[in-house]
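Visitor: with the input below, show me the fold.
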Amino acid sequence: MKRSVTNMNNDRLTVQKLLVELGFSAVEAETYWALLNLETVSIRKVAEQSGINRGTTYEAIKRLVATGLVHTRKTGQREYYSAESPEKIYDLIRDKRKDLWRTQQEAQTLIPELLAKKARPQGRPLVRYYEDDEGVVTILKDVLQTCAQLDVPEYYAYSSRPLRKLLYRKFPQFTERRVQEGIGVKVIAVGEGSDTEGLSARKWLPEPSGGETSSYTIIYGDKVANISISSDYTPYGVVIEDAGAAAMQRLLFEQLWETL
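Guide: Down below sits the predicted model:
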């Protein structure tokens, strides 16, 4: 039974989307789809099938051959082409993962070096300001990256009830990532409603009457992050990178922790 035109179009769009996401152009993706529906054929036949001119088709096929998606065979003075199995796309995905892993490893080495060399006025802290949920995600990722490089991968936090339910709404996998990377946390929570999770210890302070506290402070490495919310529940944060300030905040946290 022949497949319906609708199903064929869906397959075509899916294959093209996969290839474009892997870095191929739309023309290359269309050319590969055309070859999937042909036997071993000449450039002219491919161009007729795809509706793309022969010169552009030739350039697209060169890229597809180089990446292993298309096989070429020469007969006399003419070349003929056929599509390799779509299973080859798995190989491309695996190669892409390996490339991304190598890039990540290089970045983990390079970025701290660049940050260390970054010009800063002598004796002054480095202060960064972040807005919206995406800004909070940037801070949380910096917490993970910074703590992962510490001799003791751990940070301290002051947690207030209003911020608690908003902090991870764009990064719900934060705790899972933290535990996977072996990063511990001690939290002094203001107000009820905060649970103890993996690699964490928690103590509580009563919530003050006459007004809500709406701040979340994270002390990690040589940095202190303060995250708050505006009246319309939009989060914003400030990260201060200063060894002295972080050491003082850490000392105060530890002294308070011992009294609770």
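Visitor: when you work out contacts or count neighbours from here on, use the C-alpha atoms and nothing else.
Guide: Fine.
Visitor: contacts for the one helix or strand residue 189 maps to, please.
Guide: Using DSSP states H and E, residue 189 maps to strand 184-190. With contact meaning CA atoms under 8 Å, 6 or more residues apart in numbering, strand 184-190 is reached by 153-161, 178, 199-207, 213, 257.
Visitor: so which of the residues you listed are in helices?
Guide: Secondary structure from DSSP state H places 161, 178, 257 of these in helices.
Visitor: where neighbours are concerned, which of those residues has the most?
Guide: Among these, residue 178 has the most neighbours (other CA atoms under 10 Å), with 23 neighbours.
Visitor: who are the contact partners of that residue?
Guide: Counting by CA under 8 Å, 6+ apart, residue 178 touches 144, 184.
Visitor: and it, how close does it get to residue 198?
Guide: As judged by CA to CA, to the nearest Å, residue 178 and residue 198 stand 9 Å apart.
Visitor: returning to that earlier point: tell me the strands beside the strand holding residue 189, with direction?
Guide: Partner strands and pairing direction for strand 184-190 (DSSP bridges) are strand 154-160 (parallel), strand 200-205 (parallel).
Visitor: which strands and helices sit next to the helix or strand containing residue 254?
Guide: Residue 254 is part of helix 243-259, with elements assigned from DSSP H and E. Helices and strands touching helix 243-259, by 3 or more CA pairs under 8 Å, 6 or more residues apart in numbering; DSSP states H and E, are strand 215-220, strand 223-229.
Visitor: next SSE after the longest one?
Guide: It stands for strand 223-229. Taking DSSP H and E, what comes next after strand 223-229 is strand 235-241.
Visitor: for the residue nearest to residue 64 when sequence neighbours are not counted, grab the count of nearby residues.
Guide: Leaving out its chain neighbours, the residue that sits closest to residue 64 by CA to CA, 6 or more residues apart in numbering is residue 70, at 5.4 Å. With neighbours defined by other CA under 10 Å, the count for residue 70 comes to 21.
Visitor: distance check, residue 70 against residue 10.
Guide: Taking CA to CA, one finds residue 70 at 22 Å from residue 10.
Visitor: hmm, back to that, nearest to residue 61 among the ones in helices among the contacts of strand 184-190?
Guide: residue 178 (45.1 Å; CA to CA).
Visitor: sorry, back to before: and the contacts of the helix holding residue 254?
Guide: 156, 188, 203, 219, 220, 221, 222, 223, 224.
Visitor: right, and the residue nearest to residue 64 touches residue 80 too?
Guide: No. Residue 70 is beyond contact range of residue 80, at 10.3 Å (criterion: CA atoms under 8 Å).
Visitor: hmm, back to that, winner for burial among the strands paired with strand 184-190?
Guide: Mean neighbour count (mean count of other CA atoms under 10 Å) peaks for strand 154-160 among the strands paired with strand 184-190, with a mean of 22.
Visitor: looking at it now, give me its mean pLDDT.
Guide: Computed over strand 154-160, the mean pLDDT rounds to 94.
Visitor: hey, what's the angle from it to helix 243-259? Just curious.
Guide: Calculated by axes from the mean of the first three to the mean of the last three CA atoms, to 10 degrees, strand 154-160 forms an angle of 70 degrees with helix 243-259.
Visitor: let's have the chain start at 53 instead
Guide: That works, and once the first residue is 53, the last one we named lands at strand 206-212.
Visitor: which other residues reach strand 206-212?
Guide: Residues outside strand 206-212 that contact it (CA under 8 Å, 6+ apart): 199, 235-243, 265-273, 302, 305.
Visitor: list the helices and strands the lowest-mean-pLDDT helix or strand in the chain packs on?
Guide: Taking mean pLDDT, DSSP states H and E as the measure, the chain has helix 57-73 as its least confident helix or strand, at a mean of 75. For helix 57-73, the packing partners by 3+ CA pairs under 8 Å, 6+ apart come out as helix 78-88.
Visitor: many thanks, I have nothing further to ask.
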